[in-house]
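**Q** just need the structure, nothing else, for what follows:
(chains A, B, C and D)
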Protein chains: 2
Amino acid sequence: MAESVVLDPVDLHLLRLLQNDARMTYRDLAAQVGVAPSTCLDRVTRLRRCGVILGHRLELDPAKLGRGLQALLSVQVRPHRRELVGPFVERIRALPESLTMFHLTGPDDYLVHVAVADMADLQRLVLDEFTARREVARVETRLIFQQWDCGPLLPPSPSAQSG
Amino acid sequence: MAESVVLDPVDLHLLRLLQNDARMTYRDLAAQVGVAPSTCLDRVTRLRRCGVILGHRLELDPAKLGRGLQALLSVQVRPHRRELVGPFVERIRALPESLTMFHLTGPDDYLVHVAVADMADLQRLVLDEFTARREVARVETRLIFQQWDCGPLLPPSPSAQSG
DNA sequence: CGTGAAAAAAGTAAGCC
DNA sequence: GGCTTACTTTTTTCACG
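**A** Below is the predicted model:
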């Protein structure tokens, strides 16, 4: 599978618009980009098939779902061996509180973004699901005051090369 | 604006399906949930209007866009005062490399998730956009080996209360 | 509230530049 | 490749249970 894909200005324009609102119709996309609706369909279909577009996801408001508190948990897993980290990752991923999970370089092996109801819920989560596990050597909890989603993801200035 | 919203099993079922694939048609949703397509439309429209559904976002593959390396940057901003952090946040948010930004409790004030082309690009970003700024006291860079999106976001076990 | 059928709009495929 | 046109499916409305 190709590492990168050649994207012309039309593709980039479409991606920029769709990242802002993935429900835009091909007709509206066409009007803004300056090509025919069927061309938009062709382009977007191609972007989907070559893996640039991975999927369409719903963005929900955690607070509206009764998960008004978010936090980042830095976790050290010791010893950091495959037979321990595999089950650890699967277990944490499956928690309803988990949003995203990163495997990182540095002293802390994993970072887990969680959404919980309140502070008591967070304490329960840390104690019952993290520190209670034998392979978890350390958990550092940081609360999230605020979060920003940044601008659209686009290739670095000189357009991406083919591969 | 209400803090939480009453969600019955039909709403939850719809949200679970749509979080997995936001492009599912109301017809398919209806078949799986066991109600009429028009009912699905009503429910989803309501969820959108009451803010549970914030939007439909496209999920892109950063590697395919020539941004094969991702990292998390922990940033200390000193002094941590409004007149300094406002412009800092706006500047970092506007970078094409920035994906998400968190304001956190703890010794590191901000965490920035970035996607760059390669290590040289990351070094340039850290030096030119972060440490070069007077208010940035410290930047700690951690590379991302792997990232997982976790299961669907759902309310805590006893369904959310009204507000 | 949910339903089912009808109207409006969008998505999709084909043929032609 | 992209555009136009015709065709299919979906979305959306609305009167009714």
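**Q** and residue A:5, what pLDDT?
**A** Residue A:5 is assigned 87 on the pLDDT scale.
**Q** hang on, it packs against residue A:53?
**A** No: if you go by CB atoms under 8 Å, residue A:5 and residue A:53 don't touch, sitting 10.6 Å apart. The C-beta positions use only the backbone N, C-alpha and C, and glycine is treated the same way.
**Q** overlap of the contact sets of these two?
**A** Listed as contacting both residue A:5 and residue A:53 by CB atoms under 8 Å, 6 or more residues apart in numbering or on different chains are residue A:47.
**Q** residues in contact with the most far-flung residue of chain A relative to its centre?
**A** Going by CA atoms, centre = their mean, the residue of chain A most distant from its centre is residue A:36, 31.8 Å out. Contacts of residue A:36 were listed using CB under 8 Å, 6+ apart, and they are residue A:30.
**Q** cool, residue A:85 as well?
**A** Taking CB under 8 Å, 6+ apart, one finds A:77, A:103, A:109, A:135 in contact with residue A:85.
**Q** name the SS class of it, please.
**A** helix (DSSP: H, G, I helix; E, B strand; the rest coil).
**Q** same deal with the one 4 residues further on?
**A** The assignment at residue A:89 comes out as helix when based on three-state DSSP.
**Q** for chain A, what are the low-confidence residue spans?
**A** For chain A, the stretches with pLDDT under 70 are A:1-2, A:158-163.
**Q** which positions in the strand ranked longest in chain A come out as buried?
**A** Using DSSP state E, we find that the single longest strand of chain A is strand A:136-149. Neighbour-count burial for strand A:136-149 flags A:136, A:139, A:141, A:142, A:144, A:148 (criterion: 16 or more other CB atoms under 10 Å in any protein chain shown).
**Q** distance-wise, check the fifth one relative to residue A:100.
**A** Read it as residue A:144. For residue A:144, the distance to residue A:100 equals 12 Å [CB to CB, to the nearest Å].
**Q** ok, now residue A:40?
**A** Residue A:40 is 31 Å from residue A:100, by CB to CB.
**Q** who has more neighbours out of those two?
**A** A count of neighbours by other CB atoms under 10 Å in any protein chain shown puts residue A:40 above the other of residue A:40 and residue A:100, at 25 against 16.
**Q** can you give me the offset of the helix or strand harbouring that one from its chain's centre?
**A** According to DSSP states H and E, residue A:40 maps onto helix A:37-49. Centroid displacement of helix A:37-49 relative to its chain, using CA atoms, centre = their mean, to the nearest Å, is 24 Å.
**Q** for that helix, list every residue counted as buried.
**A** A:39, A:40, A:43, A:44, A:47.
**Q** mind listing the helices for chain A?
**A** A:9-20, A:26-33, A:37-49, A:82-94, A:119-125 (DSSP state H).
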